[in-house]
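Chemist: for reference, the sequence and a predicted model appear below.
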Amino acid sequence: MKYDFKKQLRSFGYAWKGIRCCIGKEQNLSFHLIVTAVVVIAGFVLGITRMEWMIIILCIGVVIAAELFNTAIEKLVDLVSPQQHPVAGQVKDIAAGAVLVCAATAAIIGLIVFIPYLTRFFL
């Protein structure tokens, strides 16, 4: 199979289109992006290490990806089940629960990374 660079570029375009359709329209994604900005600013101000940056960036990526998956699942459920249905509600709740697990884990990791810097900064 021959590699098609134009097709690859189109794929990236579709991916960015998917991300853009959520930014500003999905409240939880907007919240996570605001938290991301605060965390990145704090990382620069406090001078976290390269390894800590890698961990923080991984956490940010996982949470944002989970939120995008959740949004896609919710939209798909709404499409195939326009009326309320207990299973449709459970699917949405499970997807939201996955985001919560990712976000809570990222928050705990963030505390582990930032608390030592914050105690030195403020004490």
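Modeler: Yep, it's here.
Chemist: what about the nearest residue to I19 once chain neighbours are set aside, which SS state?
Modeler: Among residues not flanking I19 along the chain, L68 sits closest, at 6.9 Å (CB to CB, 6 or more residues apart in numbering). No exception for glycine: its C-beta is placed from N, CA and C like everyone else's. Per DSSP: H, G, I helix; E, B strand; the rest coil, the secondary structure class of L68 is helix.
Chemist: check contacts around L68.
Modeler: Contacts here follow CB atoms under 8 Å, 6 or more residues apart in numbering; on that basis L68 touches G18, I19, C22, L29.
Chemist: just the helices in the protein please.
Modeler: Assigned by DSSP state H, the chain shows helices spanning 5-22, 27-46, 50-80, 86-122.
Chemist: next, the buried residues of the last one.
Modeler: Of the residues in helix 86-122, those buried under the neighbour-count criterion (16 or more other CB atoms under 10 Å) are 88, 91-92, 95-96, 99, 102-103, 106, 109-110, 113-114, 117.
Chemist: now could you export just the CA positions of the lowest-mean-pLDDT helix or strand in the chain as CSV?
Modeler: Within the chain, confidence by mean pLDDT, DSSP states H and E is lowest for helix 5-22 among all helices and strands, at a mean of 94. What follows is helix 5-22, C-alpha atoms only, in CSV (Å, rounded to 0.1, in the frame of the first residue of the first chain):
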residue,chain,number,x,y,z
PHE,A,5,0.4,12.2,2.4
LYS,A,6,-2.7,14.2,1.3
LYS,A,7,-5.0,11.6,2.8
GLN,A,8,-3.0,11.9,6.0
LEU,A,9,-3.4,15.7,6.1
ARG,A,10,-7.1,15.3,5.5
SER,A,11,-7.3,13.0,8.5
PHE,A,12,-5.6,15.5,10.7
GLY,A,13,-8.0,18.1,9.4
TYR,A,14,-11.0,16.0,10.4
ALA,A,15,-9.4,15.4,13.9
TRP,A,16,-8.9,19.2,14.4
LYS,A,17,-12.5,19.8,13.2
GLY,A,18,-13.7,17.4,15.9
ILE,A,19,-11.7,19.1,18.6
ARG,A,20,-12.9,22.6,17.4
CYS,A,21,-16.5,21.5,17.5
CYS,A,22,-16.2,20.8,21.2
